[in-house]
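In: How does the following fold in three dimensions:
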Amino acid sequence: MHVVGISLVLGAIATAAEPQWLVDLPLTMEKNLPLVQITVNHGKPLTFILDSAAGGCVIDSERAQAIGLEPSATAMSSGSGGLQPGEIITGLVLNLGGLEIQPARCFTFSMKSLTFRSAVDGILGMPLFRNYVVEIDYPGSHLRIFKPDSFQPAPSAEIFPLRMRIGPIVRGSIRVRGRTSIDADFQLDTGSAHILTLCTAFVDRLNLLESADGLTKGSTLGLGGAAADMVGRIEEVRLGRFAMDRPTVRLSRQTTGTLSSEEHYAANLGGEFLRRYKVTLDVPGLRLFLEQ
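Out: Sure, this is the predicted structure:
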């Protein structure tokens, strides 16, 4: 009787400790971007970028046509490169590891200009992130999705408060040559390949072009076209206890698009910084968890 009782207790403990995720899927990575398989309207799996800074979802226009998706309207969307014309498709059902997501609308754009080595068919943003806790384990190449009321962070995770604009905003800091630390609002952008892209207005207000080393002209491909920037090194990018020393960052020179002003955030924090960590975005609870 004692053996049976102990077994039942241990069984109850094991059951209670089981993770309560809804989705557990492998990720692949290209250009520091997390890619996952998603079916559209119960068809064959397609490859989507998980993009925390995307307000909606996107399907490549050629792929949409190939699988028989009919647009219902035309649209304009704003990206890092400026305005992007496209079309709108409604009534889609996206299936992500058994989790069904029905975005109110999905945009279609040509994604060829993003020059991936393999086919990338779409982008999934806030229709996922705004409703669930999304854990992107970059080092482990894994995705887990939780209901907001069932997620329990690891004791070792550092917790950051978030606020929302189009994407989630967290308070970080930079350090440049000859200056002390400068606090800044970072948009967390899992759809960006870079470490940090500083918005034009923020760069100009603080004269950061004078404080970066080895500056060269550059451009970043994104929706809306190529975004003009300067590329150089600063002393540090920091988020809590997590920091990169002497990182190469991009200082935007855009006068239009999301990187032109600092109305919503000062900089875009991307995948080359995030890929070192397990990144858990709890948009419903306005929290970010980072683990090494």
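
In: Excluding chain neighbours, what is closest to the most centrally placed residue in the chain?
Out: Nearest to the mean C-alpha position of the chain, by C-alpha atoms, centre = their mean, lies Thr190 at 2.2 Å. Excluding its sequence neighbours, the residue lying closest to Thr190 (C-beta to C-beta, 6 or more residues apart in numbering) is Ser52, at 4.5 Å. All C-beta spots, glycine's among them, are computed from the backbone N, C-alpha and C.

In: what residues are up against the residue nearest to the centre of the chain?
Out: 33-34, 49-53, 136, 270-271, 274, 279 (C-beta atoms under 8 Å, 6 or more residues apart in numbering).

In: from those, which single one is nearest Ala73?
Out: Relative to Ala73, the closest of the contacts of Thr190 is Asp51; by C-beta to C-beta it sits at 22.2 Å.

In: Just give the number of residues close to that closest one.
Out: 25 (other C-beta atoms under 10 Å).

In: Tell me if I'm right that it and Leu128 touch.
Out: No. The criterion here is C-beta atoms under 8 Å, and Asp51 misses it with Leu128 at 9.4 Å.

In: Now the residue nearest to Thr190: phi and psi?
Out: Dihedral angles phi and psi of Ser52 (degrees, to the nearest 10) take the values phi -70, psi -10.

In: Kindly provide the distance from it to Glu100.
Out: 20 Å (C-beta to C-beta, to the nearest Å).

In: Could you do Ile166 as well?
Out: Ile166 sits 24 Å away from Glu100, going by C-beta to C-beta.

In: Between these two, point out the one with more neighbours.
Out: The residue with more neighbours, out of Ile166 and Glu100, is Ile166; 18 against 10, by other C-beta under 10 Å.

In: tell me the pLDDT at that one?
Out: pLDDT recorded at Ile166 is 86.

In: for Lys112, same thing?
Out: Lys112 is given a pLDDT of 82.

In: and it, how many neighbours?
Out: Lys112: 11 neighbours (other C-beta under 10 Å).

In: ok, back up a step: now, the contacts of Thr190 that are in strands?
Out: Mapping those onto strands (DSSP state E) picks out 33-34, 49-50, 136, 279.

In: right, and the pair among those with maximum separation?
Out: Maximum pairwise distance in those, criterion C-beta to C-beta, is 14.6 Å, between Ile49 and Val279.

In: Just the closest of the ones in strands among the contacts of Thr190 to Ala266, please.
Out: Val279 (19.8 Å).

In: That closest one against Pro139, yeah?
Out: No. With contacts defined as C-beta under 8 Å, Val279 does not count as touching Pro139, sitting 10.3 Å away.

In: Neighbour count: the two, which is higher?
Out: Shown here are Val279 and Pro139; by other C-beta under 10 Å, Val279 has more neighbours (23 against 11).

In: in the sheet, who's paired with the closest residue to the more buried one other than its chain neighbours?
Out: Nearest residue to Val279 in three dimensions, chain neighbours excluded: Ile136, at 4.9 Å (C-beta to C-beta, 6+ apart). Beta-bridge partners of Ile136, counted by DSSP bridges, are Leu143, Val279.

In: For the residue nearest to Met111 when sequence neighbours are not counted, give its distance to Thr39.
Out: Ranked by C-beta to C-beta, 6+ apart and with sequence neighbours excluded, the top spatial neighbour of Met111 is Asp60, at 4.3 Å. Distance of Asp60 to Thr39, given as C-beta to C-beta: 15 Å.

In: With Arg241 instead?
Out: 39 Å.

In: More neighbours: those two, which one.
Out: Thr39 (15 against 8).

In: Sticking with the closest residue to that one other than its chain neighbours, tell me its helix or strand.
Out: Distance criterion C-beta to C-beta, 6+ apart; nearest residue to Thr39, sequence neighbours excluded, is Asn95 at 4.4 Å. For Asn95, the host element (DSSP states H and E) is strand 94-96.

In: Just confirm Ser31 contacts Phe116, I think it does.
Out: Not quite, residue 31 is Lys, not Ser. Yes. Contact between Lys31 and Phe116 holds when scored by C-beta under 8 Å: they sit 7.2 Å apart.

In: what number of residues lie near Phe233?
Out: To be clear, residue 233 is Arg; Phe isn't right here. Arg233: 15 neighbours (other C-beta under 10 Å).

In: start at 45 instead
Out: All set: I'll call the first residue 45, so the last point we hit is now Arg277.

In: My read is that it contacts Asp289, right?
Out: No. Using C-beta under 8 Å as the test, Arg277 is too far from Asp289 to be in contact (9.9 Å).
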